[in-house]
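Peer 1: Prediction below, plus the sequence it came from.
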Amino acid sequence: MGMRVDLLQESYAQLYELVGEELTEKIYEMYRGRQISFPMRLYNRDKVAEQIVEEYDGHNLAELTKKYEYSQRWIRQIIQKHREEHGEEK
């Protein structure tokens, strides 16, 4: 029979437009009745910090800033904190 799109709550109508009927139904079944908020940032801050430490090569600060959408200042702080914790020099 299918969903009556014209009768959907606004949030479900938006989901329907974005992902289609099948996924809207799955999302409804999984999350109905729950209040959900989506963080402004896609990635987890702590996990990004670990990844930055792995990827930093001493010369790619601007690249990491753009890639992960964090400020150069924050990335510098993460790198400095890692160095201090591991006894590395600047």
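Peer 2: In hand now; what should we look at?

Peer 1: tell me which element residue 13 is part of?
Peer 2: Under the criterion of DSSP states H and E, residue 13 resides in helix 10-19.

Peer 1: If you count neighbours, what's buried in that helix?
Peer 2: Of the residues in helix 10-19, 12, 15-16 count as buried by neighbour count, 16 or more other Cβ atoms under 10 Å. The C-beta positions use only the backbone N, C-alpha and C, and glycine is treated the same way.

Peer 1: Closest one of the residues you listed to residue 32?
Peer 2: Distance ranking of those against residue 32, using Cβ to Cβ, places residue 12 first at 9.3 Å.

Peer 1: and the gap between the closest residue to that closest one other than its chain neighbours and residue 33?
Peer 2: Distances taken as Cβ to Cβ, 6 or more residues apart in numbering put residue 24 closest to residue 12, at 6.0 Å, once the chain neighbours are dropped. When distance is defined by Cβ to Cβ, to the nearest Å, residue 24 is 15 Å away from residue 33.

Peer 1: In terms of neighbours, single out the busier of those two.
Peer 2: residue 24 (21 against 5; other Cβ atoms under 10 Å).

Peer 1: tell me the angle the one helix or strand the more buried one maps to makes with helix 10-19.
Peer 2: Counting by DSSP H and E, the element that carries residue 24 is helix 21-31. Taking axes from the mean of the first three to the mean of the last three Cα atoms, to 10 degrees, one finds helix 21-31 and helix 10-19 inclined to each other by 140 degrees.

Peer 1: ok, then the element right after helix 21-31?
Peer 2: That would be, after helix 21-31 and using DSSP H and E, helix 45-55.

Peer 1: domains in this protein, as residue ranges please.
Peer 2: The record's domain split for the chain, according to automatic domain parsing, is 1-37, 45-85.

Peer 1: start to end distance for the first one?
Peer 2: Start-to-end span of domain 1-37 (Cα to Cα, to the nearest Å) is 31 Å.

Peer 1: Point out where this protein drops to low pLDDT.
Peer 2: Applying pLDDT under 70 to the chain flags residues 89-90.
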